[in-house]
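# Pasted the sequence and its predicted model underneath.
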Amino acid sequence: MAETLRDWIAERLSAELAPAHLEVIDESHLHAGHSGARPGGETHFRLDVVAAAFEGKSRIERHRLVNSLLDEAFKRGLHALAVRARTPAEAA
């Protein structure tokens, strides 16, 4: 089991999307003192995901897919998520 929320997010997306590329960046330190921020961070993340699962999907559909896969993360304290979701052809 993942020890951090960042690791859990990476494991979940890797298992469900089999991405060609995945970056999970904790940007919580940039939001200290803002809404949703907590001591210890792990509230604000930026994702860069390249996966064939996004082919044929609109930008909104891609974001909805990622958000649905990470529903548990929001329950665990994730406050904000910035998503860059591309197909392998778009990343080339």
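Sure thing, it's come through.
# now the helix-or-strand element of the chain with minimal mean pLDDT, how far from the chain's geometric center?
Counting by mean pLDDT, DSSP states H and E, the chain has its least confident helix or strand at helix 71-75, which shows a mean of 92. In terms of CA atoms, centre = their mean, to the nearest Å, the centre of helix 71-75 is set 11 Å apart from its chain centre.
# same check, this time on stretch 58-71
Distance, centroid of stretch 58-71 to centroid of chain: 9 Å (CA atoms, centre = their mean).
# now stretch 7-15
With CA atoms, centre = their mean, you get 9 Å for stretch 7-15.
# Give me the contact list for it.
1-2, 19, 22, 24, 45, 47, 49, 66, 69-70, 72-73, 76, 78 (CB atoms under 8 Å, 6 or more residues apart in numbering). Yep, even glycine has a C-beta here, placed from its N, CA and C like the rest.
# Please identify the buried residues of that stretch?
Within stretch 7-15, the residues that count as buried by 16 or more other CB atoms under 10 Å are Trp8, Ile9, Ala10, Arg12, Leu13.
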